[in-house]
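Visitor: model this:
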Amino acid sequence: MNSADITQNPFASSASLDKNPFDDPFADTTPSATVYPGTTVRQADLDQRERDLERRERELQQRSEHIRKHGRNNFPPFFPLIYHDISAEIPEASRPIISRLFQLWLVLGATLIINMVACIFILTSGSSDGGKDLGASIGYIPVIGILSFLLWYRPIYNGFMKEQALYYYLFFFFCGWHLLFSVYMILGIPSTGSAGLIQTISRFSGGSLVAGILGIITTVGWTLQGVGLGFYYRQIWQHHNAQGHTLDKAKGELAVHGAKSYFMRDRAEGSAA
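Guide: Numbering: from 1, shown residues only. Now for the predicted structure:
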């Protein structure tokens, strides 16, 4: 027998005395294992939730402060007069079409401005009707810009929000007139305030390159918003029929609510939305 075997303590443990025998052998595999020094998975999740709550609280405070200073109205941004929020007021299924209509209204606004600039160059190029064109084009910006928002965009916005028949009939009537006006502006008849097709061809023929290019942009703008509105006009008509809206129903709504409620939004309604 080896002398080392004789002197070895038969009761000594082969396990290291540095290890605590009462430690959980599966501690490293539980969900509470550390992800990085000093932080557990649970703690990281709590920290993330706390950051999210703080962010939401800041957003609510900013919104409350804005409402306190400016009221609930938020549109137009530079001078808020009405409340306009597609994501908050329009049902999710209808948001895409309302968003597209709002974008078409913005295209209309940009087209009106470019049309005015084109008419300035038409005047400076020597057109005999340049003064009439410029005067009319300046007038179109506030008149067409504001009325188009109030008479066809806002009614269909409210129509999809409330699903009331009268809003749809207001949209069909006034948007129909706007579509005819768009065709009129695409033509570009001299002295009408439009830098459309006829004016564009005339400017190119007379050697006015800048006026001609601006006329092309204006014509494309009128065509784009006109064709887009025509496309969505048909879709809205189909939706209107599917919802069972009728002229008699619209008359009944007008008798109950009155005309004021279709053009004015009180603060209580906006808050409820």
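Visitor: And the helices in the chain?
Guide: 3-7, 41-70, 86-89, 95-124, 130-148, 154-162, 165-187, 197-205, 209-242, 247-257, 260-263, 267-272 (DSSP state H).
Visitor: So which of the ones you listed is the most surrounded?
Guide: Across the helices of the chain, averaging neighbours per residue (mean count of other Cβ atoms under 10 Å) puts helix 154-162 on top, at a mean of 22. C-beta here means a position set from N, CA and C on the backbone, and glycine is covered the same way.
Visitor: Dump the helices of the chain into TSV; add distance to residue 76 as well.
Guide: Output for these, formatted as TSV (distance: least, Cβ to Cβ, whole Å):
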stretch	distance to residue 76
helix 3-7	95
helix 41-70	12
helix 86-89	15
helix 95-124	10
helix 130-148	10
helix 154-162	13
helix 165-187	20
helix 197-205	30
helix 209-242	18
helix 247-257	26
helix 260-263	17
helix 267-272	16
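Visitor: Of the ones you listed, which shows the lowest average pLDDT?
Guide: If you rank the helices of the chain by mean pLDDT, helix 267-272 sits at the bottom with a mean of 37.
Visitor: closest to residue 79 out of the helices of the chain?
Guide: Residue 79 sits nearest to helix 41-70 of all the helices of the chain, at 9.8 Å, using Cβ to Cβ.
Visitor: how much space is there between residue 239 and residue 165?
Guide: Distance, residue 239 to residue 165, using Cβ to Cβ, to the nearest Å: 12 Å.
Visitor: And residue 234, by the same measure?
Guide: Taken as Cβ to Cβ, the span from residue 234 to residue 165 is 18 Å.
Visitor: Residue 135 too?
Guide: For residue 135, the distance to residue 165 equals 40 Å [Cβ to Cβ].
Visitor: Touching, residue 206 and residue 124? I think so.
Guide: No - shown here, residue 206 and residue 124 do not form a contact pair, counting by Cβ atoms under 8 Å, at 11.8 Å.
Visitor: Mutual contacts of the two, please.
Guide: Contact criterion Cβ atoms under 8 Å, 6 or more residues apart in numbering; residues shared by residue 206 and residue 124: none found.
Visitor: So which residue is smack in the middle of this structure?
Guide: Nearest to the geometric centre of the chain sits residue 99, at 5.1 Å (Cα atoms, centre = their mean).
Visitor: How about the contacts made by it?
Guide: By Cβ under 8 Å, 6+ apart, the contact list for residue 99 reads residue 86.
Visitor: Same question for the one 3 residues further on.
Guide: Taking Cβ under 8 Å, 6+ apart as the contact definition, residue 102 lies against 86, 153, 157.
Visitor: What residues does the second one make contact with?
Guide: Counting by Cβ under 8 Å, 6+ apart, residue 153 makes contact with 101-102, 105.
Visitor: one more time with 6 Å
Guide: Taking Cβ atoms under 6 Å, 6 or more residues apart in numbering, we find residue 153 in contact with residue 105.
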